[in-house]
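*Asks:* got a structure for you, letters missing:
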């Protein structure tokens, strides 16, 4: 009789057990796959093409300078997250980190805001197809004739295309994490190649000098400050989601070593490529004053400057990027739901925490995220203003959730509680900001709070330009209020009925201070 020796236990699996969890998700992602998870969530092609027209319409050419400011601010946030990813390589990163830095209740609300925000981001990413597909072939304009996303026809068509995409990404998120990883890696590789080609071609077809970026002509917002504040929406929307490399920690090999690096490299690569694409689009646009740039954005620049043939090939690459981005964002939201459900912190927790042992995928969260995101898309049938309302709301939600990590982290630092020592799976020292921790953390928190206020500010000219839709002007504030009210109501109901697996006082949460 043959005796089979037990499989060796990976160091990362033992590390997960230290936090009180079993290894259920399949640990199959390497360094590039981890990078792809963060980069595809950011998806520079998806988000720049989706929001370039908006940034230019309200900021004029000077909106470019909001890009390096946002990149610097987000790099400081990412550096804080890299430290935490090295010390707490657990799915549901924002929820887990906030819980361990503060308390279970505060961490729950961070996770709740984050997962709702991620669901909205999934919907917003799916809407981006409307900016590209009709420009490739008019047959993709199934509803009406006007492809502009701000028109009733374009808004309805965007919702229809988005629902189809969500059906496909939900299917992939149910299949197998190896399938998802392959799609992510292939998609990110294609996106990086396409982004580099777009940068090179746009810069070699320049119609003007970079000095144009100091002009505010054509900006809908008066004054330099107003143009930059609203123009920063584009950069703020692009550079979110880098934390998803941390979300995938339980599926990553050597996560303490890999995740911190990929969080920073994904944001850095996306920030550099995105900034160059924005600059190239401004320099290569046939005209800055004919109105096309503020409506059709970069799709107009590619097809008019590079010709229909080359332009449409590059736009096809953007379609791939949008599909992969929607998949990656939905995956990150699934891991957040899974992590919170595993702790008994959500309704129907036992079902949401169930992992298929064959595929290594939690199917329940995938279906929930896909269904709720598709429901949000129906708002686009109601009014074209929903496009911007959905996009801005998701950014604010994520920025607030980020602040609910960087805030408690700063308090922990000031109390001397963040462990600076320790080693990763290879025995190397953990990533640490060292003496730069307090200043970087302080600036990261301040930047995040100020940007959240800027994004949520109910500007009528931005959110309700046609007038008569006060609920769109206040949509972000109202949505956040409803999210918090729903969370408070659920927590109150749970405490009264005892439906949770464990109450806050009974669930052990390891403090960062040890």
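*Replies:* It's in. All of these numbers come straight from a predicted model, not from anything done at the bench.
*Asks:* just the helices in the stretch 251-400 of the chain please.
*Replies:* If you assign secondary structure with DSSP state H, counting those that start in this stretch, the helices in the stretch 251-400 of the chain sit at 255-284, 297-305, 308-342, 349-352, 363-377, 379-382, 386-414.
*Asks:* In JSON lines: these, plus mean pLDDT.
*Replies:* Converted to JSON lines, those look like this (pLDDT from 0 to 100):
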{"stretch": "helix 255-284", "mean pLDDT": "94"}
{"stretch": "helix 297-305", "mean pLDDT": "87"}
{"stretch": "helix 308-342", "mean pLDDT": "91"}
{"stretch": "helix 349-352", "mean pLDDT": "92"}
{"stretch": "helix 363-377", "mean pLDDT": "94"}
{"stretch": "helix 379-382", "mean pLDDT": "78"}
{"stretch": "helix 386-414", "mean pLDDT": "90"}
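*Asks:* Format the ones you listed as a markdown table; extra columns: mean neighbour count and distance to residue 235.
*Replies:* For the C-beta atoms, the positions are set from N, CA and C on the backbone; glycine is no exception. Putting the helices of the stretch 251-400 of the chain into a markdown table (neighbours: other C-beta atoms under 10 Å; distance: least, C-beta to C-beta, whole Å) gives the following:
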| stretch | mean neighbour count | distance to residue 235 |
| --- | --- | --- |
| helix 255-284 | 24 | 8 |
| helix 297-305 | 24 | 14 |
| helix 308-342 | 25 | 16 |
| helix 349-352 | 17 | 34 |
| helix 363-377 | 21 | 23 |
| helix 379-382 | 18 | 24 |
| helix 386-414 | 24 | 10 |
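*Asks:* Which among these is found nearest to residue 444?
*Replies:* Ranking the helices of the stretch 251-400 of the chain by proximity to residue 444 (C-beta to C-beta) places helix 386-414 first, at 4.9 Å.
*Asks:* Give me the below-cutoff pLDDT ranges for the stretch 101-250 of the chain.
*Replies:* Applying pLDDT under 70 to the stretch 101-250 of the chain flags residues 218.
*Asks:* residues near residue 222, how many?
*Replies:* For residue 222, the number of neighbouring residues by other C-beta atoms under 10 Å comes to 10.
*Asks:* Quickly find the element holding it.
*Replies:* No secondary structure element spans residue 222, as it lies outside all helices and strands (assigned by DSSP states H and E).
*Asks:* Got phi/psi on it?
*Replies:* Backbone torsions for residue 222, taken as degrees, to the nearest 10, come to phi -80, psi 140.
*Asks:* show me the contacts for it.
*Replies:* Residues in contact with residue 222 (C-beta atoms under 8 Å, 6 or more residues apart in numbering): none are found.
*Asks:* again, 10 Å this time
*Replies:* Residues near residue 222 by C-beta atoms under 10 Å, 6 or more residues apart in numbering: 216, 461.
*Asks:* how far off helix 386-414 does the helix or strand harbouring residue 491 point, in degrees?
*Replies:* When elements are defined using DSSP H and E, residue 491 is found to belong to helix 475-497. Orientation of helix 475-497 against helix 386-414 (axes from the mean of the first three to the mean of the last three C-alpha atoms, to 10 degrees) gives an angle of 60 degrees.
*Asks:* in the stretch 101-250 of the chain, which spans are helices?
*Replies:* So, for the stretch 101-250 of the chain - with DSSP H, counting those that start in this stretch - the helices run 104-127, 133-136, 152-175, 177-204, 224-238, 244-247.
*Asks:* Including distance to residue 440, could the helices of the stretch 251-400 of the chain go into CSV?
*Replies:* Rendered in CSV, the data for the helices of the stretch 251-400 of the chain read as follows (distance: least, C-beta to C-beta, whole Å):
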stretch, distance to residue 440
helix 255-284, 12
helix 297-305, 33
helix 308-342, 24
helix 349-352, 35
helix 363-377, 32
helix 379-382, 38
helix 386-414, 10
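*Asks:* which one of those lies closest to residue 144?
*Replies:* Within the helices of the stretch 251-400 of the chain, the stretch nearest residue 144 is helix 379-382; the backing value is 11.8 Å (C-beta to C-beta).
*Asks:* Need the residues that contact the closest one.
*Replies:* Contacts of helix 379-382 with the rest of the structure, by C-beta under 10 Å, 6+ apart, involve 123, 127, 130, 143, 149, 152, 154-160, 162, 385-387, 389-390, 469, 472, 475.
*Asks:* Show me how far that helix is from its chain's centre.
*Replies:* 22 Å (C-alpha atoms, centre = their mean, to the nearest Å).
*Asks:* quick revisit: residue 101: which of the helices of the stretch 251-400 of the chain is closest?
*Replies:* If you check each of the helices of the stretch 251-400 of the chain against residue 101 by C-beta to C-beta, helix 386-414 wins as the nearest, at 3.7 Å.
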